[in-house]
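Participant: Build the 3D model from these lines:
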Amino acid sequence: MKRRVLTVGAALAVFAAAAVAPAVGPAAAAPSVGVLAPAAQALAAPDIAVANVQAHLTQFQTIATQNGGNRRAGSAGYTASVAYVKTKLQAAGYTVTEQVCTDCTYRSNNLIAEWPGGPADQVVMFGSHLDGVSAGPGINDNATGSSALLENALVLARQNPTMTKRVRFAWWTDEEQGLNGSDFYVRSLSATQRGYIKGYYNFDMIGSVNGGYFINRITSATAAPLKAYWDSLNIQPEENVEGQGRSDDYPFAQAGIQTSGYAAGASARKTSAQAAKWGGTSGAAYDPCYHRSCDTTSNVSATVLNRSADGIAYAIWQLAVGSATNDFSVAVSPTSGSVQRGASTTATVSTATTAGTAQTVGLSATGLPAGVTASFSPSSVTSGGSATLTLSASASATLGTYTVTVTGAGVSSSGSSDRIPAGVPPSARSRSRAASAARSVRSASSASG
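Facilitator: Residues are numbered from 1 along each chain as shown. Okay, the predicted model is just below:
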């Protein structure tokens with residue numbers, strides 16, 4: 001939530017009543033109000049609905065079922081998987097390209113999607129392999145990573161926040177044959193293009209049914225946002241030892257690009273200590289259906305998948321989402337005036353939306369002399385609207401020249417933080433700002449002023 005406060009004013013003269021009174025000129029107009037730049041404000045990461053991620057898993061299962069039972073690179077199942085992801089991304093507004101991997105074991109395409117916001121030379125990249133093995137539909141390995149990335153990409157597009165970095169998503173081909181798709185992509189980049197990538201995050205098998213919570217290069221600065229989110233859930237994640245050098249982060253690391261990522265484990269077995277803190281079965285594989293025909297939608301832990309998908313969102317928002325831009329201005333016209341005891345005067349308070357979307361602006365006035373009251377009709381407006389300010393002087397109102405300050409206080413929504421659990425550094429904060437000008441209140445001891 002962003003709170004914004006602006007104050008403006010004008011001159012008002014309060015006079016004693018008289019049967020005959022000469023005209024009195026207005027007091028000097030108030031100086032104009034300078035508009036301050038809004039304070040930077042990070043937006044809260046959204047909740048990634050696990051049901052939506054699971055819906056993508058179901059689609060990948062259907063694709064495999066309709067195409068020989070698998071989604072192996074170069075197969076009809078893989079081609080259909082690329083088409084499914086590409087269609088969703090293009091509809092959401094992404095710039096999507098297919099890169100033909102000419103030296104992959106199975107000639108097939110990488111899919112790259114870039115959100116058109118943020119500086120092009122400051123890229124944070126998130127990837128997963130889209131292919132599976134020929135033995136089965138490849139749902140945990142790796143429709144889970146692919147689906148979590150897809151849903152994160154769609155949510156980012158729907159929210160369309162201000163970006164401080166460019167976000168690029170990738171779905172790799174031919175990983176199962178030796179990381180060939182991601183390796184081809186990295187080799188295709190120039191040295192300058194590689195330098196633009198400030199971090200690569202990989203997600204491979206992030207829903208294992210007997211899963212653990214593993215982070216690549218867990219103590220690195222690159223891993224910090226992924227770890228911060230899981231730490232907030234008291235998960236106590238560990239280093240991804242099993243996956244070292246075995247997934248698509250490896251070609252990036254070899255090219256000098258900083259990497260991290262989530263994994264839930266493959267064929268290695270869960271220790272008793274891990275079972276004690278994470279649950280599950282000690283001595284059993286993290287994924288009992290690793291590279292088997294039983295790697296279906298039934299072979300996925302919704303809890304592990306949900307925590308992984310939400311952690312990805314947290315990382316995206318921490319790394320690449322910028323400040324809220326909702327803002328407004330407020331002005332009073334006329335900026336000076338006068339009122340006799342027992343009478344009233346009016347002015348128009350106008351507001352305008354200067355950035356982002358409209359918000360509610362509450363109006364108030366301060367600095368009134370004794371016996372003078374202020375009212376607004378209406379008392380709050382949607383920025384872009386106006387209200388009437390009425391200043392009323394009683395029969396005994398104090399005479400003189402005073403500064404009456406009109407304040408507009410606005411609050412606009414800048415993202416939902418209800419999903420951030422206790423312990424996560426908040427990424428949405430209330431901010432306020434103020435500026436001031438004068439509407440003077442001038443009085444005289446006689447009707448002549």
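
Participant: where exactly do the helices run in the protein?
Facilitator: Along the chain, counting by DSSP state H, helices occupy 50-66, 76-92, 144-159, 180-188, 191-196, 224-232, 249-254, 272-278, 302-320.

Participant: To residue 394, which of those lies closest?
Facilitator: helix 144-159 (51.7 Å; CB to CB). For every residue, glycine as well, the C-beta is placed using N, CA and C.

Participant: average pLDDT for the closest one?
Facilitator: Averaging pLDDT along helix 144-159 yields 98.

Participant: do stretch 193-206 as well
Facilitator: Stretch 193-206 shows a mean pLDDT of 98.

Participant: can you pull the buried residues of it?
Facilitator: For stretch 193-206, the neighbour count (16 or more other CB atoms under 10 Å) marks 196-206 as buried.

Participant: got any ranges where the stretch 201-350 of the chain has weak pLDDT?
Facilitator: 323-326 (pLDDT under 70).

Participant: can you give me the strands in it?
Facilitator: For the stretch 201-350 of the chain, strands defined by DSSP state E, counting those that start in this stretch occupy the ranges 214-215, 238-239, 259-263, 327-333, 336-340, 344-355.

Participant: Pull the most distant pair out of the buried residues of stretch 193-206.
Facilitator: With CB to CB as the measure, no two of these lie farther apart than 196 and 205, at 28.3 Å.

Participant: show me the contacts for the closest residue to residue 138 other than its chain neighbours.
Facilitator: The shortest distance from residue 138 to any non-neighbouring residue, by CB to CB, 6 or more residues apart in numbering, is to residue 132 (2.0 Å). Going by CB atoms under 8 Å, 6 or more residues apart in numbering, residue 132 touches 64, 70-72, 77-78, 138-139, 141-143, 176, 295.

Participant: again, only this time at 7 Å
Facilitator: The neighbours of residue 132, taking CB atoms under 7 Å, 6 or more residues apart in numbering as the test, are 70-72, 138, 141-142, 176.

Participant: Quick one: those residues as JSON lines, columns for neighbour count and distance to residue 106 too.
Facilitator: Converted to JSON lines, the contacts of residue 132 look like this (neighbours: other CB atoms under 10 Å; distance: CB to CB, whole Å):
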{"residue": "70", "neighbour count": "22", "distance to residue 106": "12"}
{"residue": "71", "neighbour count": "30", "distance to residue 106": "12"}
{"residue": "72", "neighbour count": "26", "distance to residue 106": "7"}
{"residue": "138", "neighbour count": "31", "distance to residue 106": "14"}
{"residue": "141", "neighbour count": "28", "distance to residue 106": "17"}
{"residue": "142", "neighbour count": "30", "distance to residue 106": "16"}
{"residue": "176", "neighbour count": "21", "distance to residue 106": "9"}
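
Participant: From these, pick the one nearest residue 216.
Facilitator: Nearest to residue 216 among these: residue 142, at 14.5 Å, using CB to CB.

Participant: that older thread, nearest to residue 125, of the helices of the chain?
Facilitator: Among the helices of the chain, helix 249-254 comes nearest to residue 125, with 7.9 Å by CB to CB.

Participant: OK, contacts around residue 78?
Facilitator: By CB under 7 Å, 6+ apart, residue 78 lies in contact with 71-72, 108, 130-131, 173.

Participant: Could you tell me the per-residue confidence at it?
Facilitator: Per the predicted model, pLDDT is 98 at residue 78.

Participant: try residue 25
Facilitator: With respect to pLDDT, residue 25 scores 27.

Participant: Roughly how far does the residue nearest to residue 138 sit from residue 272?
Facilitator: Residue 132 sits 31 Å away from residue 272, going by CB to CB, to the nearest Å.

Participant: same check, this time on residue 361
Facilitator: 60 Å.
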